[in-house]
Structure formats: structure tokens, C-alpha cells
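Engineer: Have a look at this fold, sequence not included:
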């Protein structure tokens, strides 16, 4: 029970990595507040599974790219839990598109959800909950495309590269408040990787697309997130850890 009596906020937790992390935290004793942008069914399924584990689990629909909505979220968290100890900035979108077809509206939307959303949640959680008690664990999600060129993900990679830089710089500024800020570069099966599989299959053929269809399940990543969320990482901050099973060279 490494997270007993801790309160965790996990965004984008109706499916995929967010769901696995939320349930992994619940199994370690954390009460969880989870969000989704539209997927009410998936959100409720995650909540039911968490409640069956025996923790307090609450979730609502929020738009991670809307600052006013994130403010509303933090007020709901305060009303429900009083505080949060752990923040996982997992909410994200992807629409694989070749650069020459990438419209400004899509580029802006992708950065708003990933990069701006990470900033919104972190800034508000730190000021509202973590600085007053001088304690906090923040886990952001980067991506391999932020460090190695791929095709069709310029907007997504740009956002994730920004998150990597954001993580290191915010970690440095929050050192004196005993708030650790780290990032995970995860590789696992998700709705986003399925979209990429379809895109690569159309662009380069089924054989290339199939390489993304053999990824591990998100449950394989839970231990990495538990490390950053628990006291085991009290002396670790500003780090970007790739958890991919060696999938990316």
C-alpha cells in the first residue's frame, strides 16, 4: 500500500494508460479523482472498478484544454478530497496528419490539449494544493516522437517536446517546495496507437502498420508511475524516463 491515504488526480483516465494508472494507484491505497473529455461510459467503468478495489473514486467530464474548465475541476477536487498529493497529466489527443496537410487549427488544438493542459493542471494544483503543504508528485507524459523524428505527428511531437522541457524547468523551480516533477515516455497499446496503426497502414502498407499492433498493454507501465508517485522517488525530480520495453531504440 505505497499510496495509502494519498489523493491522486489522473486526467484522461477512461481508457488506456490513464485507466491502468488510476487502477494501479487505487490498488496501492490512493483515493482517485479521474477525468475524461467525452467518454462517460469508459469513465464510469473505471470508477466502478476503483470502487470495487475499496477506495474513494470520483470522476467527471472536463476539457483539459480549457483553463476555466480546469479551474472548475480543481474546485471539485477540493470539495471532494480537500487536496491532492499526486497529479498525472495524461489527457491527450492525436490525429495523424502529414505536415503539408496539417492545418493551423489542428496544430493549435493539439498543443492546447497536451502542452497547455499540462501547464493548466500543474499550475493550479501546485498553487492550490501542493505549495501550501510543501508536498507533491507530478507526473507528465512525453512521447518518443519528441526525441526522434516520425511521420504524421508534427503537432503531437511538438506538444510532447514542450512537455519534456516544461517538466525539467518546473522541477527546478519547485525544488524548495518538496514537489517532484517527472515525465514518462510510455509505449503501450491505446486509442492513440490504434489511430497511428491505421495511419501507417494507409501510408506505408499493412506490414508497417502492424508493427504498432504488437505493443504491450498499459498495465505494464503501472510500476513506473507508482515509482514517481510514491516516496521511493522523493530524491528524483526533473527526470524523463522511457518505459517502452526496449521498443524504441
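Structural biologist: Happy to help now that I have it. Because the structure is a prediction, the values reported are computed rather than measured.

Engineer: Show me the strands in this protein, by range?
Structural biologist: Applying DSSP state E to the chain gives strands spanning 7-10, 31-36, 57-61, 86-89, 136-141, 179-186, 240-243.

Engineer: how about these in TSV, adding mean neighbour count?
Structural biologist: Yep, even glycine has a C-beta here, placed from its N, CA and C like the rest. Converted to TSV, the strands of the chain look like this (neighbours: other C-beta atoms under 10 Å):
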stretch	mean neighbour count
strand 7-10	26
strand 31-36	26
strand 57-61	18
strand 86-89	28
strand 136-141	25
strand 179-186	24
strand 240-243	18
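
Engineer: Reformat the ones you listed as CSV; add distance to residue 230 and mean pLDDT.
Structural biologist: Output for the strands of the chain, formatted as CSV (distance: least, C-beta to C-beta, whole Å; pLDDT from 0 to 100):
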stretch, distance to residue 230, mean pLDDT
strand 7-10, 11, 98
strand 31-36, 15, 98
strand 57-61, 19, 97
strand 86-89, 9, 98
strand 136-141, 8, 98
strand 179-186, 10, 97
strand 240-243, 14, 94
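
Engineer: Please tabulate those strands in a markdown table, including the columns distance to residue 150.
Structural biologist: Listed next are those as a markdown table, based on distance: least, C-beta to C-beta, whole Å:
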| stretch | distance to residue 150 |
| --- | --- |
| strand 7-10 | 26 |
| strand 31-36 | 26 |
| strand 57-61 | 31 |
| strand 86-89 | 21 |
| strand 136-141 | 16 |
| strand 179-186 | 13 |
| strand 240-243 | 15 |
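
Engineer: And the ones you listed: which comes nearest residue 173?
Structural biologist: With C-beta to C-beta, the closest approach to residue 173 among those belongs to strand 179-186: 9.0 Å.

Engineer: Could you point out which of the strands of the chain sits nearest residue 124?
Structural biologist: With C-beta to C-beta as the yardstick, what comes closest out of the strands of the chain is strand 86-89 (9.5 Å).

Engineer: Strand partners (parallel or antiparallel) of the closest one?
Structural biologist: In the sheet, strand 86-89 lines up against strand 7-10 (parallel), strand 136-141 (parallel) (DSSP bridges).

Engineer: For the first one, which outside residues touch it?
Structural biologist: Put plainly, it is strand 7-10. 18, 21-22, 25, 30-35, 73, 77, 81-88, 90, 121, 125, 229 (C-beta atoms under 8 Å, 6 or more residues apart in numbering).
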